[in-house]
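Asker: model this:
(one chain, ligands or ions: 1)
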Amino acid sequence: MVENRWRDDEAQRLVDAAGADPADQALALRVYTSRLIGGDPDLVMHGGGNTSCKVTRRDLLGDEIRVLHVKGSGWDLGSIEAPGLPGVRLDPLLRLRPLDRLSDEDMVNQLRCNLLDSSSPNPSVETLLHAFLPHAFIDHSHATAMLALANVPEVEAIVRDLFGDTVAIVPYIMPGFGLSKAAAEVFEAKPDVTGMLLVNHGHFTFGDTARVSYDRMIDQVNVVEAFLAERATPRVAARAIEPPKPERLFPALRGALAKHRDRDAAMPVFDLRSAEHLTAFLARDDMTDLSTRGVATPDHVIRTKAPPLVLQGAAADGDCDALDRAVAAWADAYRAYFERNAPKTAEPKTMLDPTPGLAWVPGLGIFGIGSNAKAARVAADLGDQQIRVIEQAESIGAFRPIKEFDLFETEYWSLEQAKLGKGKPPALNGRVALISGGAGAIGRATAEAVKAKGADVFLVDADQASLDAALAALGRDAGGAVLDLTDRDAGDEAVAACTRRFGGVDILVSNAGAAWGGAMVDLDDDTLRTSFELNFFAHQHMAQAAAKVMRTQGRGGVLLFNVSKQAINPGKNFGAYGLPKAATFFLVRQYALELGGDGIRVNGVNADRIRSGLLTDAMIAERAEARGVDTQRYMEGNLLGREVEARHVANAFVDLALAERTTAHVMTVDGGNVEAALR
Ligand SMILES: [Zn+2]
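Answerer: As a prediction, this is how the structure comes out:
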């Protein structure tokens, strides 16, 4: 059941905060219930749905005007604010209604011309539908339960049984002027209805107040929820399917998908969901048939494409040839779909990437496939809802969504394409960066720096609390794992964990390290071996595991090592640290030599005197005193006379990740020190 989350005290608080103008008070409540709807993933997800209210305002000249506030594109209902509901002059919009037709471009232009604030975002493509209905408040959602009902052929009879004459049915028409007129005509024929079900699309409710319209939305969804619960067929006992291993499947699939994308485009990123209701659904005997039916609401096709890529048998186990065949078959079918439908549209279309946005893998689950982690997450969320809709629709009839050409029109609709964003993606968009020592000063700074260039970030660290703090700062699409890198298997585990989270690895920043001191003549073997475990073998094991994944992906990659100036410019009593770092310095060249043919570049950074876990404030004070200078002078003791910070090291890693023709290179980041200079 969907919860009614309206709270009188919260509503009153927002009205009080809005000031004396009744229009602003109405808008405050409009924002409030929009957020209540947007905050419930069973009502709307990821920019779906829209809301509006009609108010009276005075313009600059003091004339009274009727204004429609309607959701602006680019805003999400769950986090919307007043500027996300741009005001449009209502009367000029109503004058459009008698037109026989209005192109999308002309419609958008009319909406923009009538904005109260010319800098507002574009009003929703469903603005005219909101305008042509008379109600003060209108709510539109893509609720899971309503989508199940909207996609069965028996929809009319069921709606009549459940709602009598209070909910009207609008046949499927693509959003825009035509749908707006049709919905208004349906309403005018039955002016007492309190809601409308748009076949194959979604649900509208309306009322005189924000509260009434919201209550109607929740109540109507719950009537359908109760009906579905009563009719739900018990899940057929699932076939036992040996779960395929994502560590094997994902890198090979990334490689197979990359062959159908632009040569320079990043490989796709994945987001796996393995919830029980998904694996149970994928074990159904009719799973393959259901995969071909289409999407629950047309919007989804923009994010998920259709149909999902279904992987079974050798392909699901990561067999490269089988995956190539499966991906090629999907691409061929997509090209055929494009060629069948493109000639039927008014203007010429350019084919999108012939690669899927969603995969179904029986035994494993579903995963979103996107150009970065966020896009993959959105696709996975919608893919999960899609499966719940199919399951519920099948329990009350048959899941029969919109026809192929209607789907094509939405996928290739210029206004929908605009939602995907324009412009060149950032340089590291879609690259997965695995960073060890990820919660330390340099690790965190590097994570921020590569993320700023568009990369998705997976952190490995030995300390849970520091890792949690670092991940929280990076936002919801970052991943991480706690591992002790001195364990023999930790490198493999780190790369496997990153692969399960994002699909593979494109950039390794092997950064974790720790210093051990002591004069060589007194140094015990245990200390030296312990230092070698972390400062050499951990680098070797991470590199080995990451390079194997990169080879499977077949699109190059970058290995980056945090070496140290100690590798070539030893400090007294730092042999236990410098020796393994010298070996790691050599590792850069050895890997560069052996991986160049795979297009994998290998570089390192020699940094010195960075405030971090390796060089604490107490150590700085001690060393400064030993040299008879204050701590600031000590930290600025280099040719440039400036302290070197973690962010400078991070920027060097980014530069090396981007330097397309640079391999076997070690970059010095120490503010200048001739003794430590290379060559
Ligand atoms: Zn809609």
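Asker: Val457 belongs to a strand, doesn't it?
Answerer: Yes: under DSSP: H, G, I helix; E, B strand; the rest coil, Val457 falls within a strand.
Asker: domains in the chain, by residue range?
Answerer: 8-231, 246-419, 432-608+644-670 (automatic domain parsing).
Asker: could you tell me how many residues sit around the closest residue to Leu282 other than its chain neighbours?
Answerer: In this structure, Leu282 finds its nearest non-sequential neighbour in Pro362, 4.3 Å apart by CB to CB, 6 or more residues apart in numbering. Every C-beta, even on glycine, is put in place using the N, C-alpha and C of the backbone. Neighbour count for Pro362, taken as other CB atoms under 10 Å: 23.
Asker: touching, Pro362 and Ala315? I think so.
Answerer: No: look at Pro362 against Ala315 with CB atoms under 8 Å: they stay out of range, at 11.2 Å.
Asker: list phi and psi for the residue nearest to Leu282.
Answerer: phi -50, psi 140 (degrees, to the nearest 10).
Asker: let's see the pLDDT reported for it.
Answerer: Looking at Pro362, its pLDDT reads 95.
Asker: Thr350 now?
Answerer: With respect to pLDDT, Thr350 scores 87.
Asker: in a helix, it, correct?
Answerer: No: counting by three-state DSSP, Thr350 is not found in a helix; it is coil.
Asker: that one: neighbouring residues, count only.
Answerer: So Thr350, with other CB under 10 Å, has 8 neighbours.
Asker: and it, how close does it get to Ser414?
Answerer: Going from Thr350 to Ser414 by CB to CB, to the nearest Å gives 11 Å.
Asker: let me see the mean pLDDT of the strand or helix carrying Ala652.
Answerer: Using DSSP states H and E, the element containing Ala652 is helix 646-658. For helix 646-658, the mean pLDDT works out to 97.
Asker: ok, then the element right after it?
Answerer: Next along from helix 646-658, by DSSP H and E: strand 665-669.
Asker: which secondary structure elements does that following strand sit against?
Answerer: helix 575-595, strand 600-607, helix 646-658 (3 or more CB pairs under 8 Å, 6 or more residues apart in numbering; DSSP states H and E).
Asker: any idea how many residues pack against Ala157?
Answerer: 11.
Asker: give me the neighbour count for Ala373.
Answerer: Taking other CB under 10 Å as the definition, Ala373 ends up with a neighbour count of 26.
Asker: then the one 4 residues further on?
Answerer: A total of 19 residues lie near Arg377 under the criterion other CB under 10 Å.
Asker: likewise for Thr527?
Answerer: There are 15 residues near Thr527, going by other CB under 10 Å.
Asker: what does the one 3 residues further on give?
Answerer: Neighbour count for Thr530, taken as other CB under 10 Å: 16.
Asker: now for the one helix or strand Gln12 maps to, which elements pack on it?
Answerer: Per DSSP H and E: Gln12 is located in helix 8-17. On a contact count with 3+ CB pairs under 8 Å, 6+ apart, helix 8-17 meets helix 22-38.
Asker: ok, then the element right after the helix it packs on?
Answerer: strand 50-58.
Asker: what's the angle between that next one and helix 22-38?
Answerer: Here strand 50-58 runs at an angle of 170 degrees relative to helix 22-38 (axes from the mean of the first three to the mean of the last three CA atoms, to 10 degrees).
Asker: elements contacting strand 50-58?
Answerer: helix 22-38, strand 64-70, helix 127-132, strand 137-141.
Asker: just tell me which of the ones you listed ends up closest to Phe408.
Answerer: helix 127-132 (22.2 Å; CB to CB).
Asker: need the residues that contact that closest one.
Answerer: 50, 52, 68, 70, 88, 90, 93-94, 96-97, 107, 111, 124, 138, 140, 175-177, 179-181, 183-184, 204 (CB atoms under 8 Å, 6 or more residues apart in numbering).
Asker: make JSON lines out of the domains of the chain and add distance to Ala676.
Answerer: Conversion of the domains of the chain to JSON lines gives the following (distance: least, CB to CB, whole Å):
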{"stretch": "domain 8-231", "distance to Ala676": "49"}
{"stretch": "domain 246-419", "distance to Ala676": "35"}
{"stretch": "domain 432-608+644-670", "distance to Ala676": "4"}
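Asker: compare the ones you listed and say which comes out lowest on pLDDT.
Answerer: Across these, the lowest-scoring stretch is domain 246-419, with a mean of 92.
Asker: these two touch, right, Glu156 and Ile169?
Answerer: Yes: using CB under 8 Å, Glu156 is in contact with Ile169, at 5.5 Å.
Asker: higher neighbour count, these two?
Answerer: Per other CB under 10 Å, whichever of Glu156 and Ile169 has more neighbours is Ile169, with 17 against 13.
Asker: mind checking how far that one is from Phe399?
Answerer: Taking CB to CB, one finds Ile169 at 18 Å from Phe399.
Asker: quick one: contacts for Gln385?
Answerer: Shown in contact with Gln385 (CB under 8 Å, 6+ apart): Pro41, Met45, Thr144, Leu147, Ala296.
Asker: returning to what we had before: can you give the distance of the helix holding Gln12 from its chain's centre?
Answerer: 33 Å (CA atoms, centre = their mean, to the nearest Å).
Asker: neighbours of Gln540, how many?
Answerer: 18.
Asker: distance check, the nearest residue in space to Asp219 that is not next to it in sequence against Met217.
Answerer: Spatial nearest neighbour of Asp219, excluding adjacent residues (CB to CB, 6+ apart): Asn4 at 7.9 Å. The gap separating Asn4 from Met217 is 9 Å, by CB to CB.
Asker: higher neighbour count, these two?
Answerer: Met217 (30 against 14).
Asker: quick check, the more buried one in a helix?
Answerer: Yes: under three-state DSSP, Met217 falls within a helix.
Asker: check which helix or strand covers Asp406.
Answerer: Using DSSP H and E, Asp406 falls in helix 404-411.
Asker: returning to what we had before: just the buried subset of the contacts of helix 127-132, written out for PyMOL, thanks.
Answerer: Only the buried entries of these go into this PyMOL selection, using 16 or more other CB atoms under 10 Å:
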select buried, resi 50+52+68+70+88+90+93+96+107+111+124+138+140+175+176+177+179+180+181+183+184+204
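Asker: wait, Val125 sits on Asp104?
Answerer: Yes: counting by CB under 8 Å, Val125 touches Asp104, with 7.4 Å between them.
Asker: higher neighbour count, those two?
Answerer: Counting neighbours by other CB under 10 Å for Val125 and for Asp104 shows that Val125 has the greater number, 24 against 16.
Asker: that one and Gly443: what is the separation?
Answerer: 44 Å.
Asker: and His130, by the same measure?
Answerer: Distance from His130 to Gly443, by CB to CB: 49 Å.
Asker: try Leu278
Answerer: In terms of CB to CB, Leu278 sits 34 Å off from Gly443.
Asker: which one of those two has more residues nearby?
Answerer: Gly443 (29 against 22).
Asker: so Phe368 belongs to a strand, correct?
Answerer: Residue 368: Gly, not Phe. Yes: under three-state DSSP, Gly368 falls within a strand.
Asker: and it, how many neighbours does it have?
Answerer: Quick note: Gly368 (other CB under 10 Å) scores 28 neighbours.
Asker: for the one 3 residues further on, same thing?
Answerer: The local packing of Ser371 (other CB under 10 Å) involves 20 other residues.
Asker: OK, contacts around the spatially closest residue to it that is not a sequence neighbour?
Answerer: Of all residues beyond its chain neighbours, the one nearest Ser371 is Gly430 (5.0 Å), with distances taken as CB to CB, 6+ apart. By CB under 8 Å, 6+ apart, the contact set of Gly430 is Ala265, Ala266, Met267, Pro268, Val269, Ser371, Asn372, Gly454, Ala455, Asp456.
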